[in-house]
Every structure is written in C-alpha cells, then in structure tokens.
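S.K.: Structure, please.
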Amino acid sequence: MKNLKYVYKFILVVPLLFMVGCIGTDDYSDVVSNQYSQQSTVFIETDDASEITRTVPGNVAQPIEVGVNNAPSSDITVSFSVTKDGGDAVEGVDYMISDATILASEVVGSSEVTFMSSGIYVVTVRSASDGSRIAVDNKAIFNVPPAVTVSISWGDAFYDYDLYLIAGNQDINGEVLANTFDTIAFETFEVYPPEGFSSVFIDDWWDDNAGTDVILIVEVDGNIEIYDVVMDQDKFVLVIETSYDADGNPEYDITPL
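M.R.: Numbers count the residues shown, from 1 in each chain. You can find the predicted model right below:
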C-alpha cells in the first residue's frame, strides 16, 4: 500500500535568525557594555547574538529566561507579548504563558510558555513591574509544527475499542505515547510523534474479535486520510516515521498496515 508522506514547510513571517537588540545593538554584550550601563534594561536571555528559530512541539512547556543588566534591590515581575504568524496570538487559545520573576539581587528569572496550536510564535518582553526598566526589543522565536490527529469510530457502542500510539515500529512492548479509554463509539488523540518510528494500535477491550467495521481517520494540518479497518483482533493499523528537514520542520511518512 502506498505510503503517505506529509512534509511541512513554514513560510516564516519573521526572520529565521533573531537578534538581541537594544537601541540599534545586535549583540547581548552591547546591552551590558559601558555604552548602555547607564540604562536599566530587561530582556529575554539568549546564548549569543543570534539563534536559529527553535522548532518545538505543541502542548509542551518551553522555558523562557529573562535578564536585567543590573541587579534590582527588590523583586521584579516581567510580562510578555506573544504574536503568531505576524498577528496577535490569543492567550488560552494559541498559547499559555506566566509572568517571570527576577528576585532581588539576581539578574535572571524564568517562566514557561506552552503553544496550543501550530504556527510561528514570537515572544518579547512587554514590561517590567519596575517602570524604570527599558524593555529590550529582542525576541524568542518558536516554530510549532502541526500535530497529527488520529481518530476511530464505529457503529455500535456495545463494542469498546481503545486507541494507542506506541513508540517503535509495531513494537507491542514499546512506550505508550498516547492513548484513549472512552466508552463511546469514537476515540481520538492529537500527538506530536517523536523522531523515528511510532505505531498506532487499536485494542479490542472486550476481546470480542467481532469483525466490526471501524473507520480510521488521520488528519495533519487540515489534510485528512480515511482508512477502513476490520477489528477481528487487537492490531497495529498505522506506522508513522517522523524525521526533520534542515529547517527543523517535521516530515511524517505514514504507512497503513
């Protein structure tokens, strides 16, 4: 049976490289140099002057570090702005983020951001509770690829089928990455498959082996494929091979069994 290959490329609405900037600077060292030592600043921490946009899965908390160029005498609360694909992102729908705290006498604080839908996200410092701090316009940029949604449905809820994603190529002893335990005639999960192989398994909870017709649906970024499955035994039904291109975007090679 022909494999289905999904390759996702994002047209970045923001540059792939992001810079640490402050009033025309392009290097973190400039922020803390003598040139700017008379200004109290707050900024997102980065390892160097520029970094490639990070590709991260959705629904997994990602660390955000913030810094100041001189230690405060009292705690500072830092809030963030988040955009998605060049426009406004909606907190609670597209992402969740909490304020960061930089403790008195410290120069670094941290928070976490979780992205709930695919897209290109840009996180910047909005403000600090110490109003004298200048918010540096540097950015943390995240590429969140589409998830894979797998669903099954069948006609008679008397039968009970559960859906699993298991690490490995049809390895019944592999790590369970996702699963469902509903008691209706529909099961679904949304996952970010790990690099390498993972497999979709359907378990007949009652072990009826009744030969029930089950509809299997796979959706990736709005593309939907439908398969017919006959549940005459517990079985693997799909193998997903996940790899990443040079830009960090996932490629899903999906093989029905």
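S.K.: Quick check: T188 is in a strand.
M.R.: Yes. According to DSSP: H, G, I helix; E, B strand; the rest coil, T188 belongs to a strand.
S.K.: In contact with it, which residues are there?
M.R.: 149-152, 163, 180 (C-beta atoms under 8 Å, 6 or more residues apart in numbering). Just so you know, the C-beta spots here come from the backbone N, C-alpha and C atoms, and that holds for glycine as well.
S.K.: separation between it and S117?
M.R.: Using C-beta to C-beta, to the nearest Å, one gets 16 Å for the distance from T188 to S117.
S.K.: which of the contacts of T188 are buried?
M.R.: The neighbour-count criterion (16 or more other C-beta atoms under 10 Å) marks 150-152, 163, 180 among these as buried.
S.K.: Find the residue closest to I215 in space, skipping its chain neighbours.
M.R.: S153 (5.1 Å; C-beta to C-beta, 6 or more residues apart in numbering).
S.K.: Identify the residues contacting the one you found.
M.R.: 185-187, 214-215, 217.
S.K.: 6 Å instead?
M.R.: Going by C-beta atoms under 6 Å, 6 or more residues apart in numbering, S153 touches 185-186, 215.
S.K.: got it, and M96?
M.R.: For M96, the contacting residues are T114, by C-beta under 6 Å, 6+ apart.
S.K.: Helix or strand next in line after the helix or strand where it lies, which one?
M.R.: Counting by DSSP states H and E, the element that carries M96 is strand 95-97. The helix or strand immediately downstream of strand 95-97 is strand 100-102, counting by DSSP H and E.
S.K.: and the helix or strand just after that following strand, how far from the chain's centre?
M.R.: Counting by DSSP H and E, the next helix or strand C-terminal to strand 100-102 is strand 108-115. Chain-centre distance of strand 108-115: 14 Å, with C-alpha atoms, centre = their mean, to the nearest Å.
S.K.: pLDDT-wise, what's the bottom of the buried ones among the contacts of T188?
M.R.: Least confident of the buried ones among the contacts of T188 in the model: T180, at 90.
S.K.: so who does it touch?
M.R.: So T180 contacts 162-163, 187, 189 (C-beta under 6 Å, 6+ apart).
S.K.: Tell me which stretches of the stretch 101-250 of the chain form strands.
M.R.: 108-115, 119-128, 134-135, 140-144, 148-154, 161-167, 176-179, 186-191, 196-204, 212-220, 223-231, 235-244, 250-256 (DSSP state E, counting those that start in this stretch).
S.K.: what comes up buried for the first one?
M.R.: If I follow you right, that is strand 108-115. Neighbour-count burial for strand 108-115, counted by 16+ other C-beta under 10 Å, picks out 109, 111, 113, 115.
S.K.: Packing partners of that strand?
M.R.: Judged by 3 or more C-beta pairs under 6 Å, 6 or more residues apart in numbering; DSSP states H and E, strand 108-115 is in contact with strand 62-68, strand 95-97, strand 100-102.
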